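Asks: kindly generate the corresponding structure for this input.
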Amino acid sequence: MLKNVKCKRSVIKMDIKSFFNEAKTLYSVKDIIAVHTKMIFILESPHKEEIKAGVPLAGLSGRSMARELFRREDILPMGKLLKQFISENKETIYGIVNVCPFPLQESAFPDAAFVESFKDEIKIAESVRVSSAKVFKDKDKETFDQLLQEDFGDRLLAAAKEDTMIVPCGKFAEKYVNKIPSLDKLNIIYGVPHPSYNSWSRERYKDVIHKIREEGNKRTS
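Replies: I've put the predicted structure just below:
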């Protein structure tokens, strides 16, 4: 893991595109896509646990998801479980793609020097993260939003096949799935919450989680 990254800014203020590219280079957590992936969960972005482990859904949210999906209490977080499957050459239909490959929160970046160097740009990223707006009037937010759309769209469309089921988890993930130009070609399950705070086990989401399991069983058989 990268530590003590020294980021030198020029006299001219670093722009949003430069921040995006630098953050992606230094702090990306790779998506999990395997040869047999037929259902892709879309999440927002990595946080501390994901940066540390090098896989998405490596913390409590990932464990909550895996428990509900596989109906087992003693189980690894989803990202670590899928990584284990792949490393052991076990087939799995599940994959994970983050909308943003690097953190969208200041607290998730492991290096204080990086945060200090890109403090203003990180604030823009955080604002985009919590906003429900579909279009941004602010130029910097619009730029970051466009970079997110392009980067996410390219990665998802490269991973998705004709029969792949796309499962955006949470409002942020849904928003960016809906911004993909070839949206009509995707099979999507809507209304799935982010798996944080054990939301997947709540009664109000019972039907949609059941649907995920059913779709998974169809693609496993």
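
Asks: which SSE is immediately downstream of the longest helix anywhere in the chain?
Replies: In the chain, taking DSSP state H as the definition, the longest helix is helix 139-159. Using DSSP states H and E, the helix or strand that follows helix 139-159 in sequence is strand 165-168.

Asks: give the rounded mean pLDDT of that following strand.
Replies: The average pLDDT within strand 165-168 is 97.

Asks: list the helices and strands that strand packs on?
Replies: Judged by 3 or more Cβ pairs under 8 Å, 6 or more residues apart in numbering; DSSP states H and E, the packing partners of strand 165-168 are strand 39-43, helix 171-177, strand 187-188, helix 206-220. Any C-beta I mention is one placed from the backbone N, CA and C, and that applies to glycine too.

Asks: mind doing that once more with 10 Å?
Replies: Secondary-structure packing of strand 165-168 (3 or more Cβ pairs under 10 Å, 6 or more residues apart in numbering; DSSP states H and E): strand 39-43, strand 94-98, helix 171-177, strand 187-188, helix 206-220.

Asks: out of the ones you listed, the one nearest residue 69 is which?
Replies: helix 206-220 (6.8 Å; Cβ to Cβ).

Asks: tell me which residues of that closest one are tucked away?
Replies: Across helix 206-220, burial judged by 16 or more other Cβ atoms under 10 Å covers 209, 212, 215-216, 219.

Asks: which of those residues sits closest to residue 19?
Replies: Nearest member of those to residue 19, counting by Cβ to Cβ, is residue 212, at 34.8 Å.

Asks: spit out the contact partners of that closest one.
Replies: Applying Cβ atoms under 10 Å, 6 or more residues apart in numbering to residue 212 gives the contacts 39, 41, 65, 68-69, 94, 165, 167, 169, 189, 192, 200, 205.

Asks: per-residue pLDDT of the most centrally placed residue in the chain, please?
Replies: With distances taken as Cα atoms, centre = their mean, residue 98 lies nearest the centre of the chain, 1.8 Å away. pLDDT, residue 98: 98.

Asks: surely it touches residue 56?
Replies: Yes: between residue 98 and residue 56 there is a contact under Cβ atoms under 10 Å: 5.4 Å.

Asks: shared neighbours of those two, anything?
Replies: Residues touching both residue 98 and residue 56 (Cβ under 10 Å, 6+ apart) are 29-32, 41, 43-46, 50.

Asks: mean confidence for stretch 212-221?
Replies: Stretch 212-221 comes out at a mean pLDDT of 89.

Asks: use 2 as the first number from now on
Replies: Got it, the first residue is 2 from now on, which makes the last one we talked about stretch 213-222.

Asks: give the PyMOL command for selecting the buried subset of the shared contacts of residue 99 and residue 57.
Replies: Buried subset of the shared contacts of residue 99 and residue 57, written as a PyMOL selection, criterion 16+ other Cβ under 10 Å:
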select buried, resi 30+32+33+42+44+45+46+47+51
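
Asks: tell me which of the shared contacts of residue 99 and residue 57 fall in helices.
Replies: Assigned to helices by DSSP H, the following of these qualify: residue 51.

Asks: looking at the shared contacts of residue 99 and residue 57, which is nearest residue 185?
Replies: Distance to residue 185 across the shared contacts of residue 99 and residue 57 (Cβ to Cβ) is lowest for residue 42, with 20.7 Å.
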